Every structure is written in structure tokens, then in C-alpha cells.
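> A predicted structure for the sequence below; I have some questions about it.
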Amino acid sequence: MAYVAVKGGERAIDAAHAWLAEERRGDPGVPELSVTQIAAQLGRAVDRAMAEGSLYDRELAALAVKQTSGDLIEAVFLLRAYRTTLPRFGYSEPVDTTMMAICRRVSAIFKDLPGGQVLGPTHDYTHRLLDFSLLGPSDAATTSRAAPDDGVMPRVPDILGQEGLMESDGGAADEPGDLTREPLRFPAGRDVRLQALARGDEGFVLGLGYSTQRGYGGAHPFAGEVRMGEVSVEFVPPELGFAIDIGDIVLTECQMVNQFKGSKTMPPQFTRGYGLVFGFSERKAMAMALVDRAMRAAELGEDVTAPAQNVEFVLYHSDNIEATGFVEHLKLPHYVDFQSELQNVRRLRAEQERMGQEKEAAE
Amino acid sequence: MKGYNFAYLDEQTKRMIRRCVLKAVAIPGHQVPFGSREMPLPYGWGTGGIQVTASILGSGDTLKVIDQGADDTTNAVSIRRFFARTAGVRTTTATAEATVIQTRHRIPERQLREDQIIVYQVPQPEPLFRLEPSRQETLRMHALADYGLMHVKLYEDIARFGQISISYDYPVMVNQRYLMSPSPIPAFDNPKMDMMPALQLFGAGREKRIYAIPPWTRVRSLDFEDHPFRAINAPHACGLCGSTHSYLDEVVTDDRGGRLFVCSDTDYCAERRAAGHVGSDGMKEAAE
């Protein structure tokens, strides 16, 4: 057999992409999904793509989900690569979640409180039984529900704060850091840490948050509150000098309340772990709040022993686009390196054999 | 390409990257952090090299892209197409014709010239990462030129195996100051870095670092007086062109232990064959 140089990489790539497009579309006898359908009926997938893609645009996120056949990390990748081409005009005013149009708000630490408990559209307390009636078309579900609560709804940690039992939130930083423009540097400020968690992989953040509950850096958390709803985003254009409303976004916010026995400089009080995510994703917001609090260990004078408390470990490994790229790059050709390893192992074995023979001869 | 700037990146980003490249050239071997952008290709697949190339490319440049020494490996094809599409520059497979060469895992066999730039794709810019995973800590070690850990690792190799067991990404000392990862090129290629006439740029996109070796800079592979650096290569000649001086790929030809060794640098091999050199397998082919 003669060696045939592997040519035609270009044709192979084209053919692979054509096949991919065919796979994505699937059976042409089945109607094609529209982006509107995805945005409306696969909302949580769209939310996740937006959150980890750091781009709030339901239509583009739905397009990304469609284009990637529902591979959400690929969808995130598409959104990120698009986002990076957009000009950056500045940063918004801090969103005021006390003014959120509430769809859901629960507190695990007070039975009742101003604004009340609002269950909202949650999977909680559903029995996880496959609903076979959904195999066919379903009737449009209508429910009687209260209009979103537009009144001011105080945040639970602020209620505790009135008594001084909760650490203060700290003042706003100047310009917040942005790790999509500047490389990570350590020590990383909380602004950058929260940004990394907010766009971090849901599974990774969930696993790390869970690990703190099992003893790897735990901090006795209580879900002070979780809320979800629409908030308006305000921006101060330099040419105007005052804030204008540029749109509404759906956010999920979680405030974890953690026990803290105090330090030399701080009295015993509760400390915060904070989670804030685009769209409706309580799992992510809660896990983020746990990990945020864990990463504050050094600042609060606690021992840093667990992975979730190691800021460098968490920040360098939470990004699924970085992670998937590097893990999957292993399928790229490595035959040059492998060849050097082959020669190396052969040489080491020859050396070992030679030494063995010498030893035998000497005996 | 419609809707995108020349070579994809916007001019502000290119300027930022060029400033980092200048700093890197001024401090040979030192890793300069940069605001790596999220590219439309995956991290780990050459985003650092692509950003460096995009920032230095002009419309008059001729670009060559290789992966494993070859122009026709799929990722090299993909990256070459990316620049043909977004920058419209001339591309080539001939090392001698290129003004910019982006590479993964190899240095071409043909000696590079002063008017050429070679851009390496770097997966892991930190040469100490296997010994010390924390970048806060390695930053300190570089600042103090505290490289004892690496010397101990090499010493332990010799003590255990009788030789240094690193076969690729073999650490080098640049300009007698910074310990540097040469990227995962085979140790065979390391000597080519020393006093190279071309500018060598290294881009690590995921790790957000750029570093450089200016032309005519001393690059020494770490070793000991009594255990000098030795490059590893297969003890064969290229089956196609007969070269005994080039790095060889091993191709499995059957399931009975059949092997064919051929140049990993496809342009070098093709050039030699065009000049009439024939290897043992090439002769077989001609006879068939």
C-alpha cells in the first residue's frame, strides 16, 4: 500500500457542514420549528443561552438554539462570538430590583413579609410525572393570575439590614470590571467575580454551589429570597447627562443570607451571597449566590480550604466556552506531539532494557 | 467580508493587541496579558494565534497556515479560509513565499528569514503550570526568576529514567531571563528558535497571554552540563523524499506492524521531491 497524502481537507469540511445542516433540519416531512416557537415554548433554553452568552436578546438566542439543534453550549458560543463584534457604548445604571415587576418572589426565612410570597410559574411542587396529554396538541392553558406586582417590594436582606443584622451592601464601584474586555487579574474584585459567575456554566456553578453544602467550604446559607420578574434598564448617555430607560429585561435574583460569627473588625452578623441571572433561572441564581459567598472567604477572614473558595480555581474554570474549546481541542491532530512521545517511550524502554542486560551481565 | 472589518477584528482591538505585541517584543519571553476576544472559532483551536495574525496582517501580506507541519490538515484549512474570507489576503503553502506563517505544533524545516513573522498557537503559555497550577504563584516565580522547581523536575527525570523525559513543549530560557513554553512543538524544533532571523510571536487566546521572541535572540533549551539537550526524532529517512534532517510523522500502513515515516512538513517534502529527491517508498511507488 502506498502512502496517500491526506489531501482534500477543504472538501471534507464542506461536506461535513452540508451534512450538519441536513441533520439540523431533520425529516423534511416534519414542519420546521420557527424562532418564534422556540422563543415562546423553549423559554428556559433561551434564557440559559442568553445568560451564559451574556447577550440579552430573545430572538437571537432562539435563533442560536435553532441553529445548534438545541446544543446550548454551542448556542452560547454563537451568541458570544456575535456579541464580541458589537460596539460597547458604556454600562447601565445599577438595576433596581426593588422596583421589579414581580412574577415570583419567595423567602425561606420569613413566613410573611411586606410584598408577600408569590409562587409564580414554578416547577416547584409539580409532581414530576410525564404528562402524556402533551404528546398531542394541547389546549392553550389559561390561568387566573394576579397582574405582576408593580409596587415597591423591599428586598429581604434590606429588611434585616434595618436592624444592623445584615452586612451593608457596600457602595457602588466606579466603572465595573468587564472580563470580556480585560484579562482576569488577581485578586479579582467582586464585580468581576459576579460577572464570571453570571455567565459561567450552569452545571459547573451548580456543582460548586452544591459542594459548599456538603462541607467543602460551607457557610450556613438561608435563601433570604429569590425573585424573578421584569426590571427596566437605565442608561446615562454622556451627551444627555441623565438616565433614560432603554428597555426591560427579565432577571432572577437570589440573596443568600449566611451566618457569620464576626471577626476582629466586624460584629457577628449575617453576610450576603448574591446571584443575578438573565431570564428565569433559579437554579443558577441560587448556586451563584452560594459560590459568591464561598469566594468571599478570604475577605471575611475565613480559611480558604475548598475549591469553591478558591477564586482563581472558580474563575478560570467556570466558563463553558473556554472549557469546551480546550477539552474538545484534544480531537485536533496531535500526531507531531504523539510521534515525539512514541519515540520517547521507545527510547526509555531501550534504555531500561540496556540497563537490565548490563545488570544481568554483572551478576 | 460584508459586515466585518478587515481581518475580522475591529481596529481598536487590533491596536490593543499590537500594543501588547510591542510590549512582548520589548521583554522577550515574558507573558503579556491581553484582552482576548471571543472569536468565532473555539478556544484551544488557535484563537490566540488568529488574533495576533489578524492584528499584524496587512493587505499586501501572504499568509501560510500549518497544523502539524502540514497545510492541508483540517484546522489549518479552516484558519486559512477564515483569513481568506475576512481579509482577502493571498495565501500560500510555500514557506518561502509567506510573509506571515501561523503554525500549530511545528516550525517549518526551511530556515525563516528576517522579513517573515511566525505566529504560534499556544494552548498553555505558562511553562510551570504542571508544577504550580496557580497563576498568581507562577507570576511571582517569573518575577523573581525562581525556576528551581523546573530544574528539580528535569533532575528527577534524569534520576528516574536516566534522561529528560519531555519530548514536546520542552521549556526554554529566552534571552537568559524568562522561562518560556515554546508551545507544543516537538523538542526537535527547539534549536530552530535560537537566533532565528524571523520575529516569533505567540498567542494564547483562552489564557489571554501574548509573548514574543525578537529576531536574533538567544533561546536555550533547559539542560545540564552532563546531560545536554537532545532532540528526538524517528531514526529513519523520509519514505517519500529521503530526507534525514526533517521531523518525521509515523503513518500506520497495515495492521501487521507496517510503518511509513514521512516528513511532517508537507511543503518541505514536496519541494524536495520536485527537486528529484526520492525516498524508499517513493521508489516502490514508481516501480508499481
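Here it is on my side, so go on. Residues are numbered from 1 along each chain as shown, chains lettered A, B, ... in the order given.

> ok, longest helix in the chain?
In the absence of a named chain, this looks at chain A. In chain A, taking DSSP state H as the definition, the longest helix is helix A:335-362.

> oops, chain B please
Using DSSP H, we find that the single longest helix of chain B is helix B:11-26.

> I'd like to know which elements that helix is packed against.
Applying 3 or more Cβ pairs under 8 Å, 6 or more residues apart in numbering or on different chains; DSSP states H and E, one finds that helix B:11-26 makes contact with strand B:32-33, helix B:47-56, strand B:199-204, strand B:209-213. C-beta coordinates here come from the backbone N, C-alpha and C atoms, glycine included.

> List the contacts of residue B:146.
By Cβ atoms under 8 Å, 6 or more residues apart in numbering or on different chains, the contact set of residue B:146 is residue B:140.

> Tell me how far it lies from residue B:33.
In this structure, residue B:146 and residue B:33 are 20 Å apart, going by Cβ to Cβ, to the nearest Å.

> sorry, back to before: ok and the longest helix of chain B relative to helix B:47-56, angle-wise?
Counting by axes from the mean of the first three to the mean of the last three Cα atoms, to 10 degrees, helix B:11-26 lies at 100 degrees to helix B:47-56.

> any idea of the angle helix B:11-26 forms with strand B:209-213?
Relative orientation of helix B:11-26 versus strand B:209-213 (the same axes, to 10 degrees): 50 degrees.

> got the residues of the stretch 51-200 of chain B near chain A?
B:67-70, B:72-78, B:81, B:104-106, B:123, B:134-136, B:161-163, B:165, B:167-169, B:184-188 (Cβ under 8 Å from any Cβ of the partner chain).

> The longest helix of chain A close to chain B?
Yes - judged by Cβ under 8 Å from any Cβ, helix A:335-362 comes into contact with chain B at A:335-337, A:339-344, A:347-348, A:351, A:355.

> Dump these into a markdown table; add pLDDT, neighbour count and distance to residue A:81 as well.
Shown next, in a markdown table, are the residues of helix A:335-362 next to chain B (pLDDT from 0 to 100; neighbours: other Cβ atoms under 10 Å in any protein chain shown; distance: Cβ to Cβ, whole Å):
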| residue | pLDDT | neighbour count | distance to residue A:81 |
| --- | --- | --- | --- |
| A:335 | 90 | 17 | 29 |
| A:336 | 91 | 26 | 28 |
| A:337 | 91 | 18 | 28 |
| A:339 | 92 | 24 | 33 |
| A:340 | 91 | 27 | 33 |
| A:341 | 91 | 17 | 33 |
| A:342 | 91 | 15 | 36 |
| A:343 | 90 | 20 | 39 |
| A:344 | 89 | 20 | 38 |
| A:347 | 88 | 18 | 43 |
| A:348 | 87 | 16 | 43 |
| A:351 | 84 | 13 | 48 |
| A:355 | 83 | 11 | 54 |
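
> for the nearest residue to residue B:245 once chain neighbours are set aside, helix, strand, or coil?
In space, residue B:245 comes closest to residue B:109 once its chain neighbours are excluded; the distance is 7.4 Å by Cβ to Cβ, 6 or more residues apart in numbering or on different chains. Of the three states, residue B:109 takes coil according to DSSP: H, G, I helix; E, B strand; the rest coil.

> And residue B:109, how far from chain A?
According to Cβ to the nearest Cβ, to the nearest Å, residue B:109 stands 13 Å off from chain A.

> The nearest residue to residue B:188 once chain neighbours are set aside and residue A:330, how far apart?
Leaving aside its sequence neighbours, residue B:188 sits nearest to residue B:231 (Cβ to Cβ, 6+ apart; 4.3 Å). For residue B:231, the distance to residue A:330 equals 25 Å [Cβ to Cβ].
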